[in-house]
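Q: Generate a structure from the sequence data that follows.
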Amino acid sequence: MDTQTKAAPMQVRPAERPINTGVRIGHVHLKVADIDRALAFYCGVLGFELTQRLQGAAFISAGGYHHHIGLNTWESHGGSPPAMGTTGLYHLAILYPTRAALADALRRLIEAKIPLEGASDHGVSEALYLRDPDDNGVELYWDRPKEQWPLTKDGKLAMYTRHLDLRNLLAENDEAPQEQVAAPLLEPARES
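A: Numbers count the residues shown, from 1 in each chain. Got it, this is the predicted structure:
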């Protein structure tokens, strides 16, 4: 089949029995080129804790969980990121419990001089988008309380994408380096 030809959308039928509402994504495991470089980003900048390190792998978490993110070089030591236009991970999303916690994450990125690819208000959440050292997409976000989510007149979810005011986000905590926000935060992190 010609890759330029779009197939007709497949009709998706709901499952007879939906998945249990308590199901959550437990962790993500990333192939990286260099464990130490990945740990410097995820632990040194974002603040995750190293829970275990093995030959060619490391496991990190927030709050003492066994691991939220696994990092390994088993098939990727010294490797390069997948080319644009190929399948694979679009991004991993890290959910922060509060807007102030997301503001702290932004402060950490500013201090580490890590550029953002984007910053969006989605109505249901506010999100920062960036790349890790292995060029994996990373979303840092917090969810608004469900009662604040935008809905259509008939009660359906009405998500959107709008510009996120970074200065306003940083104002969530007193440690915010407001003067540094003038620096170019939104720079492309990947060559087009």
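Q: C-alpha only now, for contacts and for neighbours.
A: Noted.
Q: Could you tell me how far the residue nearest the centre of the chain is located from Arg17?
A: Central residue of the chain (CA atoms, centre = their mean): Glu139, 2.0 Å from the mean position. Distance check for Glu139 against Arg17: by CA to CA, to the nearest Å, it reads 31 Å.
Q: Check Asp104 too.
A: Separation of Asp104 from Arg17 (CA to CA): 40 Å.
Q: Comparing those two, which residue is more hemmed in?
A: Asp104 (21 against 6; other CA atoms under 10 Å).
Q: This structure: strands as residue ranges?
A: Secondary structure of the chain by DSSP state E: the strands cover 28-31, 49-54, 57-61, 69-72, 92-96, 118-121, 125-131, 137-143, 162-163.
Q: and those as a markdown table, adding distance to Trp149 and mean pLDDT?
A: Putting those into a markdown table (distance: least, CA to CA, whole Å; pLDDT from 0 to 100) gives the following:
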| stretch | distance to Trp149 | mean pLDDT |
| --- | --- | --- |
| strand 28-31 | 27 | 96 |
| strand 49-54 | 32 | 97 |
| strand 57-61 | 29 | 97 |
| strand 69-72 | 28 | 97 |
| strand 92-96 | 16 | 96 |
| strand 118-121 | 11 | 97 |
| strand 125-131 | 8 | 97 |
| strand 137-143 | 9 | 97 |
| strand 162-163 | 14 | 96 |
